[in-house]
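**Student:** Got a predicted model here, sequence first, then my questions.
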Amino acid sequence: MQMTILSCHRAKKMAIEILDGRDGEQYCHTREYCNALRKWNPGSSAYIQRDGVFFQRMYVSLMACKEGFLAGCRPMICVDACFIKTKWGGQLHAAIGRDGNDDIYPIAYAVCETENKETWTWFLVQLLEDIGL
């Protein structure tokens with residue numbers, strides 16, 4: 001019996017779901033991820049915003065990144081966003097600085113539902129409160 005391309009794609013999808021779990025189930029673990037991050041990286045920030053029971057946004061900034069930026073980077077923050085190309089979609093917002101060697105230095109990131117004024121305002125407010133500006 002010969003397998004079709006469609007049946008190969010289905011088998012691959014099923015194997016990935018068995019190994020990695022389903023995409024939607026991973027959003028159920030965001031609270032556990034944030035709690036573990038705060039527990040094992042004291043001083044780090046990890047916030048989740050939900051719309052009822054549904055995941056809406058998540059902000060993360062590690063303590064070492066915040067301290068490193070404040071101690072040794074230029075006093076300039078660059079922000080950008082990119083699309084998350086999954087069936088769930090969304091945007092990845094990132095804030096970076098420039099260190100003394102002119103290399104990029106990560107400060108914080110957030111996963112948001114879309115790129116608009118509201119999500120950028122939320123991200124920047126979280127960032128500025130986080131680094132104490």
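**Tutor:** Cool, the structure landed.

**Student:** Counting neighbours, what do you get for V111?
**Tutor:** Using other Cβ atoms under 10 Å, V111 has 20 neighbouring residues. C-betas here are computed from N, CA, C, even on glycine.

**Student:** So for it, what's the pLDDT?
**Tutor:** On the pLDDT scale, V111 is placed at 93.

**Student:** State the distance from it to M14.
**Tutor:** 27 Å (Cβ to Cβ, to the nearest Å).

**Student:** Could you point out the helix or strand that follows the helix or strand of the chain with the lowest mean pLDDT?
**Tutor:** Least confident element among the helices and strands of the chain, by mean pLDDT, DSSP states H and E: helix 23-26 (a mean of 68). Next along the chain after helix 23-26, taking DSSP states H and E as the criterion, comes helix 30-40.

**Student:** which helices and strands does that next one pack with?
**Tutor:** On a contact count with 3 or more Cβ pairs under 8 Å, 6 or more residues apart in numbering; DSSP states H and E, helix 30-40 meets strand 45-51, strand 54-61.

**Student:** Using TSV, lay out the ones you listed together with distance to C28.
**Tutor:** As requested, these are exported to TSV (distance: least, Cβ to Cβ, whole Å):
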stretch	distance to C28
strand 45-51	11
strand 54-61	9
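
**Student:** Just list the residues touching T30, thanks.
**Tutor:** Counting by Cβ atoms under 8 Å, 6 or more residues apart in numbering, T30 makes contact with I48, F55, M58.

**Student:** quick revisit: most neighbours per residue, which of the helices and strands packed on helix 30-40?
**Tutor:** strand 54-61 (a mean of 19; mean count of other Cβ atoms under 10 Å).

**Student:** How far off centre is it?
**Tutor:** Distance of strand 54-61 from its chain centroid, counting by Cα atoms, centre = their mean, to the nearest Å, is 7 Å.

**Student:** Please apply the same query to stretch 122-133.
**Tutor:** Stretch 122-133 has its C-alpha centroid displaced from the chain centroid by 15 Å (Cα atoms, centre = their mean).

**Student:** How about stretch 87-101?
**Tutor:** Counting by Cα atoms, centre = their mean, stretch 87-101 comes out at 8 Å from the chain centroid.
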